[in-house]
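A.B. asks: Provided below are the primary sequence and the corresponding predicted coordinates.
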Amino acid sequence: MTSRRPKNKHAAPVQITAEQILREASEREIEKVKGKPEQHITDKEELNEIRLEKRKIYEDNIRKNRNNTGNWIKYAIWEESQGELERARSIYERALDVDSREAALWIKYAEMEMKHRQVNHARNIYDRAVTLLPRVNTFWYKYTYMEEKLENIAGAREVFERWMQWHPEQQAWNTYINMELRYKQVKRARNIYERYVLCHMEPEVWTKYASFEKKNGEPDNARSVYERAVEFFGEDNISSDLLISFGRFEESQKEHDRARAIYRYGLDRLPKEQTKALFDAYTQFEKKYGDRKGVDDVILSKRQFQYEKEVEANSHNYDAWFDYIRLVESGDDVEKVRDVYERAIANVPPLTEKKYWRRYIYLWIYYAIFEELEAKDIDRARAVYKACIDLLPNKEFTFAKVWLLAAQFEVRQHNLTAARKLLGRSLGVCAKPKLYKGYIELELSLREFDRCRELYNKFLEYNPANCQTWCKYAEIETLLGDVERARSIYELATAQPLLDMPEILWKAYIDFEHTQGNVDGARALYERLLQKTNHVKVWIAYAQFEATVDATSAREVFSKANDTLAGEDGAQRKMLLDAWLEYEQDVGGEEDVDKVEKMMPQQLKKRREIYGDDGQMEGWEEYWDYVFPEEKAKPQLKLLEMAHLWKKKQEEKDEKTDDEKGEPEDKDKEEKDNEETKAE
């Protein structure tokens with residue numbers, strides 16, 4: 001067998017392209033496909049056979065894929081072309097039985113009936129469609145258009161009224177109003193506008209209402225509408241567009257003082273960031289009817305001069321740069337804005353300390369956003385982000401927001417590979433929790449759960465003490481339905497030797513078990529947690545958990561907690577007893593309440609010495625102490641109570657002696673001090 005390999009593998013001296021081959025084949029008519037032969041039908045039997053064959057093909061297509069709406073519509077259109085309206089109706093009805101929410105079926109069905117002047121059939125179809133799918137606006141538009149074409153204005157109005165009960169979009173209301181205006185029904189249109197502004201409470205709706213009144217020669221009504229709109233929105237929610245329209249209306253009515261008052265009203269009450277358009281309108285108005293000409297140029301040039309002076313005095317005054325940039329961005333000169341940005345970012349902070357870079361970095365961010373959104377220069381925006389990242393001293397510190405904004409920019413440009421590379425580079429150069437979180441959020445939004453798992457694993461290797469990371473990781477696994485994996489993550493987290501907020505982790509783990517219906521598992525977690533800490537809040541949470549299961553178990557937990565906390569901090573024990581008492585008052589009886597009330601401590605005010613850092617006594621301070629019933633039997637406490645009782649009796653005796661003998665006040669005070677000294 002001879003080999004077919006070419007011996008000479010060098011390129012041929014004359015090269016032929018694929019385009020030349022195709023053009024040559026077309027010119028020579030190579031592989032020309034012949035068309036379908038013409039078929040002449042001679043009698044009715046042959047026609048019926050062809051129809052039968054065609055119907056079989058359509059039925060087979062429908063049987064293969066019942067949910068393909070196109071097959072049904074083609075079948076029905078073919079039957080219609082054969083004059084078989086009943087068959088076409090039957091096909092549409094069968095299709096609607098399969099998928100009654102397909103709008104194209106209803107529309108084609110109704111159009112077929114209208115084409116053959118079956119008005120009642122078409123009306124019936126549209127009525128069924130809007131009843132079944134009232135949120136599909138196309139049905140309503142077609143229905144009202146049909147009624148209006150049939151000159152059934154009352155019927156069209158009735159359909160519109162049914163539609164308005166569903167509070168449709170603004171275009172539906174506008175269509176209804178335009179229909180009434182076509183038939184000179186101004187009062188009806190006015191009534192519709194009154195309902196319109198209550199359904200869509202937006203400034204542009206009020207503006208349309210006022211324009212309608214103005215167009216119909218009712219300026220007083222238009223002014224009334226504007227005044228109602230201003231009163232409706234109030235000072236907090238007023239819109240600058242509404243005030244501009246109101247001012248221009250008064251300007252058209254030669255009411256210049258009223259227009260000036262409206263503009264000033266808006267400038268005084270609106271936030272500064274919302275007054276740009278209003279200020280421009282006011283400036284134009286003053287140019288036309290005021291005595292200040294060229295006010296825009298004067299103000300702009302004056303402010304530019306002020307900012308130039310400020311940045312010249314201190315080029316690192318980034319707040320002045322921000323104000324200057326905002327001023328030049330209000331114009332239309334893109335090159336001038338770029339020039340100011342370039343001058344601003346050239347002033348790099350002199351020290352590599354993060355506090356000096358915090359304001360400066362926003363110049364780069366705003367520059368990139370300007371290039372992307374305003375200048376529409378994507379390549380230049382990408383170059384700005386790259387230059388900013390290269391400029392940052394990433395070995396000393398970095399700004400996670402810059403990396404994340406650059407990655408989000410690439411995502412908006414549908415360049416996921418570049419975004420992932422950028423975030424991966426950031427984690428390799430200067431890993432930060434915020435970068436991990438941003439990367440994970442990006443992958444979550446793309447539903448890349450395997451990538452999320454890898455990122456969480458790396459995040460936990462970077463900082464295994466972050467409890468929130470463990471909790472988020474477990475929550476994702478729970479949402480994905482992998483309960484055992486989530487439980488394993490919680491177990492790994494609780495086994496860590498060092499955690500920043502362990503209480504959050506344990507609470508999340510317990511809530512997870514409770515949500516999964518694992519009561520025994522949640523109880524075991526509480527027991528494990530109590531082996532690590534005896535904090536009163538853990539005991540209270542444990543008891544409240546048991547209360548959802550069994551009241552007896554909750555009382556046992558409260559009792560065990562009370563015994564455990566005995567002899568420790570009295571304030572914590574008092575908090576526990578308060579929670580126990582509140583629980584018994586809600587679900588227990590009088591005996592249970594009395595039992596807990598007998599355990600409540602006595603609150604005493606005491607004094608103790610205060611020592612300074614040098615060990616010297618600086619004075620005394622008062623504090624509250626709690627004495628529980630079992631502690632009252634101690635001899636020192638009995639002695640203290642007897643001393644208080646003796647002191648009280650002596651004070652009463654001294655008061656009686658003073659009343660009888662009328663001794664001097666100084667002598668009484670001295671004796672009282674001596675008695676207090678003896679009591680102590």
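C.D. replies: Happy to help now that I have it.

A.B. asks: Where do the strands of the protein begin and end?
C.D. replies: Counting by DSSP state E, the chain has strands at residues 602-611, 617-627.

A.B. asks: Those into a markdown table, with extra columns for mean neighbour count?
C.D. replies: C-beta here means a position set from N, CA and C on the backbone, and glycine is covered the same way. Shown next, in a markdown table, are these (neighbours: other CB atoms under 10 Å):
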| stretch | mean neighbour count |
| --- | --- |
| strand 602-611 | 10 |
| strand 617-627 | 11 |
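
A.B. asks: Can I get those in a markdown table including mean pLDDT and distance to Ser445?
C.D. replies: Converted to a markdown table, the strands of the chain look like this (pLDDT from 0 to 100; distance: least, CB to CB, whole Å):
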| stretch | mean pLDDT | distance to Ser445 |
| --- | --- | --- |
| strand 602-611 | 77 | 56 |
| strand 617-627 | 76 | 54 |
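
A.B. asks: Let me have these in JSON lines, extended by distance to Arg248.
C.D. replies: Below are these laid out as JSON lines (distance: least, CB to CB, whole Å):
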{"stretch": "strand 602-611", "distance to Arg248": "72"}
{"stretch": "strand 617-627", "distance to Arg248": "70"}
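
A.B. asks: So which of the ones you listed is nearest Leu645?
C.D. replies: Among the strands of the chain, strand 602-611 comes nearest to Leu645, with 14.2 Å by CB to CB.

A.B. asks: Name every strand pairing with the closest one and say which way it goes.
C.D. replies: Strand pairing for strand 602-611, using DSSP bridges, gives strand 617-627 (antiparallel).

A.B. asks: quick one: contacts of the strand it pairs with?
C.D. replies: 570-571, 573-574, 601-612, 637 (CB atoms under 8 Å, 6 or more residues apart in numbering).

A.B. asks: repeat for stretch 378-393
C.D. replies: 348, 352, 361, 364-365, 367-369, 371-372, 398-399, 402-403, 405-406, 409-410, 413.

A.B. asks: And Lys115, how far from Ile262?
C.D. replies: Using CB to CB, to the nearest Å, Lys115 is found at 54 Å from Ile262.

A.B. asks: neighbour-wise, which of these two wins?
C.D. replies: More crowded of Lys115 and Ile262, by other CB atoms under 10 Å: Ile262, with 27 against 11.

A.B. asks: Verify the contact between the more buried one and Phe249 for me.
C.D. replies: No: judged on CB atoms under 8 Å, Ile262 makes no contact with Phe249 at a distance of 9.1 Å.

A.B. asks: So which bits of stretch 201-215 are buried?
C.D. replies: Applying a neighbour-count criterion of 16 or more other CB atoms under 10 Å, one finds Pro203, Val205, Trp206, Thr207, Lys208, Tyr209, Ala210, Phe212, Glu213, Lys214 buried in stretch 201-215.

A.B. asks: Extract the C-alpha trace of it and format it as PDB.
C.D. replies: Taking Å, rounded to 0.1, in the frame of the first residue of the first chain, the C-alpha atoms of stretch 201-215 are listed here in PDB:
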ATOM      1  CA  MET A 201     -47.700  59.300  42.800                       C
ATOM      2  CA  GLU A 202     -44.800  60.600  40.800                       C
ATOM      3  CA  PRO A 203     -43.900  64.100  39.800                       C
ATOM      4  CA  GLU A 204     -44.000  63.500  36.000                       C
ATOM      5  CA  VAL A 205     -47.600  62.400  36.300                       C
ATOM      6  CA  TRP A 206     -48.600  65.700  38.000                       C
ATOM      7  CA  THR A 207     -46.600  67.500  35.300                       C
ATOM      8  CA  LYS A 208     -48.600  65.700  32.600                       C
ATOM      9  CA  TYR A 209     -51.900  66.600  34.300                       C
ATOM     10  CA  ALA A 210     -50.900  70.300  34.500                       C
ATOM     11  CA  SER A 211     -49.800  70.300  30.800                       C
ATOM     12  CA  PHE A 212     -53.200  68.700  29.900                       C
ATOM     13  CA  GLU A 213     -55.000  71.600  31.600                       C
ATOM     14  CA  LYS A 214     -52.800  74.200  30.000                       C
ATOM     15  CA  LYS A 215     -53.300  72.600  26.500                       C
END
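
A.B. asks: average pLDDT for that stretch?
C.D. replies: On average, the pLDDT along stretch 201-215 is 90.

A.B. asks: Identify the residue nearest Arg528 in space, chain neighbours excluded?
C.D. replies: Closest residue in space to Arg528, ignoring its immediate chain neighbours: Thr494 at 7.8 Å, by CB to CB, 6 or more residues apart in numbering.

A.B. asks: gap between the one you found and Ala508?
C.D. replies: 10 Å.

A.B. asks: before we move on, what about Asp654?
C.D. replies: 63 Å.

A.B. asks: next one: Glu618
C.D. replies: 45 Å.

A.B. asks: who touches the residue nearest to Ala95 when sequence neighbours are not counted in this structure?
C.D. replies: Excluding its sequence neighbours, the residue lying closest to Ala95 (CB to CB, 6+ apart) is Trp72, at 3.8 Å. Residues near Trp72 by CB under 8 Å, 6+ apart: Ile62, Ile91, Tyr92, Arg94, Ala95, Val98, Leu105.

A.B. asks: What score does Leu640 have for pLDDT?
C.D. replies: Leu640 carries a pLDDT score of 60 in this model.

A.B. asks: Check Glu45 too.
C.D. replies: pLDDT, Glu45: 83.

A.B. asks: May I see the buried residues of stretch 102-110?
C.D. replies: Buried-residue list, stretch 102-110, by 16+ other CB under 10 Å: Glu102, Leu105, Trp106, Ile107, Lys108, Tyr109, Ala110.

A.B. asks: Per-residue pLDDT of the fifth one, please?
C.D. replies: Translated: Lys108. Lys108 carries a pLDDT value of 90.

A.B. asks: I'd say it and Tyr92 touch.
C.D. replies: Yes: using CB under 8 Å, Lys108 is in contact with Tyr92, at 7.4 Å.
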